[in-house]
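**Student:** what's the 3D shape of this:
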Amino acid sequence: MPGAPVIDDLELVIEDRVGGGGGEPPAGGGDDDGDRSRRPGAPTPRRYTTGVMLGIFAILMFFMALVSAYIVRKGSPGNDSLPPILWVNTVILLVSSLTLELARKRLAQADPSGFQTLWLVTTGLGLLFLAGQLLAWRQLVAAGAYLSSNPSNSFFYVLTAAHGVHLLGGILALLYVTLRRFAGAQVTRALAAEVTSYYWHFMDGLWVFLLAILYLGR
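**Tutor:** Numbering: from 1, shown residues only. Presented below is the predicted three-dimensional model:
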């Protein structure tokens, strides 16, 4: 039949596109640390991105409700100043965003050792931030500013505690990317690192916003 060669050619093209027959392997040589491509049959990257964005939106709405209540009550008496350690904590958190992006850059350059080192530095900075927040609480308690002292102090403890809990979730995600063996998994390490970075940068930006609100409301 005249159309048979055309049909045969189409079948060969489809087989090559779907089955990867004879095609060159993706860049990275199959190394799960450097392979940013989606594995066959794996969920699309957009699914993971959409999931984390929905989570971020829900967290944002939660904090907006708390901030709105705080603004309504900001005329209540409170402490004259915030613990100075909060400014150090802010720098620590901002630096963690930088080290996270440097880690992702190393991963894209097929440098798993450099990635692991910088990723662990980011995790350590996150833990250091939480330790600094606990120190800030101790400083307030030492100054006689307790949770029930007044509404202003109450909101300070609630906002910083809520942010700390959500940041702890980000630290667990960082540890997951570090400890997970991605060989044969449906998601690559590069994609997991990218999705985690969205959440981590959001928590950094959220903290800067909360600190500004707390500072202006004192």
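**Student:** buried ones in the longest helix along the chain?
**Tutor:** Identified as the longest helix of the chain according to DSSP state H is helix 112-142. Neighbour counts over helix 112-142 (16 or more other CB atoms under 10 Å) mark 112, 115-116, 118-119, 121-123, 125-126, 128-130, 132-133, 136-137, 140 as buried. To be clear about C-beta, it is placed using only N, CA and C from the backbone, and glycine gets the same treatment.
**Student:** ok, now stretch 173-183?
**Tutor:** Applying 16+ other CB under 10 Å to stretch 173-183 flags Ala173, Leu174, Val177, Thr178, Phe182 as buried.
**Student:** Need the residues you listed in a markdown table (columns: pLDDT, secondary structure and distance to Gly144).
**Tutor:** Output for these, formatted as a markdown table (pLDDT from 0 to 100; DSSP: H, G, I helix; E, B strand; the rest coil; distance: CB to CB, whole Å):
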| residue | pLDDT | secondary structure | distance to Gly144 |
| --- | --- | --- | --- |
| Ala173 | 95 | helix | 37 |
| Leu174 | 96 | helix | 36 |
| Val177 | 93 | helix | 42 |
| Thr178 | 92 | helix | 41 |
| Phe182 | 81 | coil | 50 |
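**Student:** Phi and psi next, for the residue nearest to Ala136 when sequence neighbours are not counted.
**Tutor:** Nearest residue to Ala136, sequence neighbours excluded (CB to CB, 6 or more residues apart in numbering): Pro83, at 4.1 Å. As for Pro83, its main-chain torsions (degrees, to the nearest 10) stand at phi -60, psi 130.
**Student:** outside of the strand or helix carrying Leu94, which residues touch it?
**Tutor:** Taking DSSP states H and E as the definition, Leu94 sits inside helix 85-108. Under the criterion CB atoms under 8 Å, 6 or more residues apart in numbering, residues 33-34, 36, 112, 114-115, 117-119, 121-122, 125-126, 128-129, 132-133, 135-136, 139, 189-190, 193-194, 197, 200-201, 203-204, 207-208, 211 lie in contact with helix 85-108.
**Student:** Just want the angle from the longest helix of the chain to helix 85-108.
**Tutor:** Relative orientation of helix 112-142 and helix 85-108, computed by axes from the mean of the first three to the mean of the last three CA atoms, to 10 degrees: 170 degrees.
**Student:** what packs against helix 112-142?
**Tutor:** Helices and strands touching helix 112-142, by 3 or more CB pairs under 8 Å, 6 or more residues apart in numbering; DSSP states H and E, are helix 85-108, helix 151-179, helix 189-216.
**Student:** Next, format these as JSON lines and append distance to Ile71.
**Tutor:** Formatted as JSON lines, the helices and strands packed on helix 112-142 follow (distance: least, CB to CB, whole Å):
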{"stretch": "helix 85-108", "distance to Ile71": "19"}
{"stretch": "helix 151-179", "distance to Ile71": "10"}
{"stretch": "helix 189-216", "distance to Ile71": "8"}
